[in-house]
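> here is a sequence together with a model predicted from it:
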Amino acid sequence: MSHDHQPVYFIQACEWFIKTYGMSAEIRQWEEMRVFSEIPFLPYLKNLSAADLYVNKHWSWSNGTSDLRLYIKGEQELSLFLLSHNLS
């Protein structure tokens, strides 16, 4: 995998995770939603946790300007990804 193709591979990996586990949120947005949903003076969020609704607990990503990262829950998700791409 060459450095020139990392954004393409990153997008392909994100597509695989979306197809496999469903949509998720970017890790910084997830953190903001989690903090926002804990504000006590927002009673309408008590029954509706933004973090639980919009964040997939299997995976997330970070698309910083200098690095692209996928965050996955654990070994099971990593193993499935590797086996699906013959990388094990």
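Arrived safely. No experiment lies behind these values; they were computed from the predicted model shown.
> what secondary structure does the most centrally placed residue in the chain sit in?
Central residue of the chain (CA atoms, centre = their mean): Ser60, 0.9 Å from the mean position. The assignment at Ser60 comes out as strand when based on DSSP: H, G, I helix; E, B strand; the rest coil.
> which other helices and strands does the helix or strand in which Ile11 is found contact?
Taking DSSP states H and E as the definition, one finds Ile11 inside helix 6-21. On a contact count with 3 or more CB pairs under 8 Å, 6 or more residues apart in numbering; DSSP states H and E, helix 6-21 meets strand 59-63, strand 68-72, helix 75-84. Just so you know, the C-beta spots here come from the backbone N, C-alpha and C atoms, and that holds for glycine as well.
> the first one vs helix 6-21, what angle?
Here strand 59-63 runs at 160 degrees with respect to helix 6-21, directions being taken by axes from the mean of the first three to the mean of the last three CA atoms, to 10 degrees.
> same thing with the last one?
For helix 75-84 against helix 6-21, the angle between stretch directions is 110 degrees (the same axes, to 10 degrees).
> contacts for helix 75-84?
For helix 75-84, contacts defined as CB atoms under 8 Å, 6 or more residues apart in numbering pick out 13, 16-17, 20-21, 58-59, 72, 87-88.
> quick check: what element follows the helix holding Ile11 along the chain?
Next element after helix 6-21 (DSSP H and E): helix 27-37.
> mind saving the C-alpha coords of that following helix as PDB?
Provided in PDB are the C-alpha atoms of helix 27-37 (Å, rounded to 0.1, in the frame of the first residue of the first chain):
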ATOM      1  CA  ILE A  27     -14.800  10.500  16.700                       C
ATOM      2  CA  ARG A  28     -14.700  14.200  17.500                       C
ATOM      3  CA  GLN A  29     -18.400  14.600  16.700                       C
ATOM      4  CA  TRP A  30     -19.100  11.500  18.800                       C
ATOM      5  CA  GLU A  31     -17.300  13.100  21.800                       C
ATOM      6  CA  GLU A  32     -19.200  16.400  21.300                       C
ATOM      7  CA  MET A  33     -22.500  14.600  21.200                       C
ATOM      8  CA  ARG A  34     -21.700  12.600  24.300                       C
ATOM      9  CA  VAL A  35     -20.700  15.700  26.300                       C
ATOM     10  CA  PHE A  36     -23.700  17.700  25.000                       C
ATOM     11  CA  SER A  37     -26.100  14.900  25.900                       C
END
